[in-house]
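Asker: curious how this folds, go ahead:
(2 chains)
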There are 2 protein chains.
Amino acid sequence: MSSTLPHVRTRLKDLADQAGVSTATVSRVLNGKAGVASETRKAVLAALDVLGYDRPEKLRTRSEGLVGLIVPELDNPVFPALAQSIETTLSDRGYTPLLCTQSPGGTTEDEYVEMLMEHGVDGIVFVSGRHADTAASRDRYHRLRSRGLPIVLVNGFAEGVDAPAVSTDDTVAVDLSLRHLASLGHTRIGLAIGPDRYIPAQRKVAAFEAATLRRDPSAVPGEHVVSTLFTVEGGQAAGGELIDSGHTAVICGSDLMALGAIRAARARGLRVPEDVSVVGFDDSPLIAFTDPPLTTVRQPVDRMGSAAVSALLSEISGTRVPRTELLFHPELIVRGSTAPAPAASPVAHLPAVGAGGR
Amino acid sequence: MSSTLPHVRTRLKDLADQAGVSTATVSRVLNGKAGVASETRKAVLAALDVLGYDRPEKLRTRSEGLVGLIVPELDNPVFPALAQSIETTLSDRGYTPLLCTQSPGGTTEDEYVEMLMEHGVDGIVFVSGRHADTAASRDRYHRLRSRGLPIVLVNGFAEGVDAPAVSTDDTVAVDLSLRHLASLGHTRIGLAIGPDRYIPAQRKVAAFEAATLRRDPSAVPGEHVVSTLFTVEGGQAAGGELIDSGHTAVICGSDLMALGAIRAARARGLRVPEDVSVVGFDDSPLIAFTDPPLTTVRQPVDRMGSAAVSALLSEISGTRVPRTELLFHPELIVRGSTAPAPAASPVAHLPAVGAGGR
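Answerer: Just a heads-up that it's a prediction; the model follows:
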């Protein structure tokens, strides 16, 4: 019925196998003996969790404190991935994470912040929050800082806010995608992106326009960029518009947009990657299983989560962290949604009845 | 620079369009006037959020209270989906949700519960928690109830715990999968499932064994069931073992397991669905985009989230909810991973060097 380690011998053996340590070490940890390395202790605790044993009460660690983590919503799978990474790092460092997620019309970032302050959090990590939206006021962050609360901003540097910032380098992301597509012979390359009031969207558009001008000094700004939403439907609309205007390759602002762009191509009777190449952004979980497996730019989620937590905990302990934004280099993951440019423009193959753009 | 509605006329129009109401109604809501239906008010607030405008301070609603929501981890995409649904419903009802997620070796369910109690939550929703693990003690839930805290258990009924429970009907899920595969002519059907100490796994195995015995009274219990883990790797191991023993169809305990079973088939040079059919469980977000698009059994996430929140809020307001488990009927979503049974057993096509099971 109960759990706290009856059949001691078998369970010690199972735990030792799972944790990759000796049964003697498992015993030492379970009995709270000193002289066990903290990594080893953690491996034994993880083995208890994985095998489903309750953690003995005396092994419970007293929390160092609460840290709030505010993310936009969980629909885009990169947000749960970032949240999971930041929470795991916080737990490893002895803090209890409190995750706040949003939905349209639901609890807002500001309401969450008030609640977290009332409950005495030691700091807050904002992931793609109002700080990333240039239309939003930054006063809220100035107010928080004036109350002395340490905060860290992830993906969306807010100039002038007194806080460490951790972001994926959007310029590198666009350059990696463009170089990959150019090496495949694509010359008509478009960018499908979310609302241009967001910092990451602005940075990607700027990088894209600069590179396009370098390649073709007569290019008209905006000619190859369509802004919609960061969702599947947004990608379908933007991707469709770019395909209809003769682009053979579409770089997308998120993996969800890329899935939408693939849909748009297929709705026009075109094949991905033979007729149209599509590059995503995020490398969300499961995205390797899509049809075709998505070529995408991976945000280094774990390294970013770990850097954000380190910066926050330094600030909490009173050590000021430099205010320069930490830019993380993303990696291009080449899978099956990109291929050499088709000989002729795919527009030639368009069915008579064109499925219009937005 | 700032945000709280300059350019009033354009913004009113944008908000009205987004919310599907008149500009006069938007004005009434923004000015906190009475006589606006709560649905309308909510639509306007959602429009503010979607368009990225800050919500005017006077429109912030005072929270009714805090509700804790404890989920296992965010790696399986059905957990973020359930969390998002429950949080949205809580926000709609005026409560502030606090999401607690776990990872091996990190903050445990018990530690989260202590923290939530210290911060005065009004209730806790447990999703696939220790209550679903028959190896875990239920004393923790009895203790919570004796302290008077309302709780609701999702997916994993714990007999004897004084709390409302909301689950997907695992028996119906297995029966739907079996009937679909039998109608396609499959006779060698296996079940790839997670650890059998979990209630949902036990229920699926029981339903599967009962149906197998009905079809073939001489069947040996356990012959067609392989238990591993609810992950991609678990599905790959279990699926591989079932394919190697001549099964032409594999029912999986999660969509992640189904993706692993497809990998196992391909590693053996077999095609899905031509040689092997695979059925998932959950219908996680993005699973319609996999290769092939996954045939799966959909958990009615939104209806379950809404029922769990209603039950909890009734208990919080002092109205006792019946203790019978609410079982939600799942739906079979037929996509591209299932097809008529191949004429001969796929084992015949196995390459000489078999990729072994576990």
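
Asker: ok, and the closest non-adjacent residue to A:Gly35?
Answerer: A:Arg28 (7.3 Å; C-beta to C-beta, 6 or more residues apart in numbering or on different chains). Where C-beta positions appear, they are placed from N, C-alpha and C, glycine not excepted.

Asker: what packs against the strand or helix carrying that neighbour?
Answerer: According to DSSP states H and E, A:Arg28 maps onto helix A:23-30. Counting contacts by 3 or more C-beta pairs under 8 Å, 6 or more residues apart in numbering or on different chains; DSSP states H and E, helix A:23-30 packs against helix A:8-19, helix A:38-51.

Asker: before we move on, back to that, isn't the residue nearest to A:Gly35 right next to A:Ala37, touching?
Answerer: No - taking C-beta atoms under 8 Å as the definition, A:Arg28 is not a contact partner of A:Ala37, at 10.8 Å.

Asker: please identify which of the two sits among more neighbours.
Answerer: Of the pair A:Arg28 and A:Ala37, A:Arg28 is the one with more neighbours under other C-beta atoms under 10 Å in any protein chain shown, namely 18 against 10.

Asker: so how far is chain B from the more buried one?
Answerer: To chain B, A:Arg28 is 17 Å away according to C-beta to the nearest C-beta, to the nearest Å.

Asker: where does that residue land on pLDDT?
Answerer: Listed pLDDT for A:Arg28 reads 86.

Asker: what of A:Leu99?
Answerer: 91.

Asker: so which residues of the stretch 201-350 of chain A form strands?
Answerer: Using DSSP state E, counting those that start in this stretch, the strands of the stretch 201-350 of chain A run over A:225-227, A:249-252, A:277-282, A:295-298, A:326-328, A:331-333.

Asker: the fourth one: partners in the sheet, and parallel or antiparallel?
Answerer: Yep, that's strand A:295-298 we're talking about. Sheet pairing of strand A:295-298 (DSSP bridges) gives strand A:277-282 (parallel), strand A:331-333 (antiparallel).

Asker: span of stretch A:147-157 from start to end?
Answerer: Chord length of stretch A:147-157, first to last residue, is 21 Å (C-alpha to C-alpha, to the nearest Å).

Asker: what residues sit buried inside it?
Answerer: Neighbour counts using 16 or more other C-beta atoms under 10 Å in any protein chain shown place A:149-157 of stretch A:147-157 among the buried residues.

Asker: in strands, which of the residues you listed fall?
Answerer: Mapping these onto strands (DSSP state E) picks out A:151-154.

Asker: A:Gly222: how many residues sit nearby?
Answerer: Counted with other C-beta under 10 Å, A:Gly222 comes out at 10.

Asker: what's the closest non-adjacent residue to it?
Answerer: A:Glu209 (7.9 Å).

Asker: neighbours of the one you found, how many?
Answerer: Count around A:Glu209 with other C-beta under 10 Å applied: 18.

Asker: any idea how far it lies from chain B?
Answerer: Applying C-beta to the nearest C-beta to A:Glu209 and chain B gives a distance of 23 Å.

Asker: which ones are touching that residue?
Answerer: A:221-222, A:225 (C-beta atoms under 8 Å, 6 or more residues apart in numbering or on different chains).

Asker: I'd like the residues you listed as JSON lines, with distance to A:Ala267 and pLDDT appended.
Answerer: Listed next are the contacts of A:Glu209 as JSON lines, based on distance: C-beta to C-beta, whole Å; pLDDT from 0 to 100:
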{"residue": "A:Pro221", "distance to A:Ala267": "28", "pLDDT": "89"}
{"residue": "A:Gly222", "distance to A:Ala267": "25", "pLDDT": "92"}
{"residue": "A:Val225", "distance to A:Ala267": "21", "pLDDT": "98"}
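
Asker: and the residue of the stretch 251-358 of chain A nearest chain B?
Answerer: Nearest to chain B, among the residues of the stretch 251-358 of chain A, is A:Asp291, at 3.4 Å (C-beta to the nearest C-beta).

Asker: now that residue. Nearest residue, chain neighbours left out?
Answerer: Per C-beta to C-beta, 6+ apart, closest to A:Asp291 is B:Asp291, 3.4 Å.
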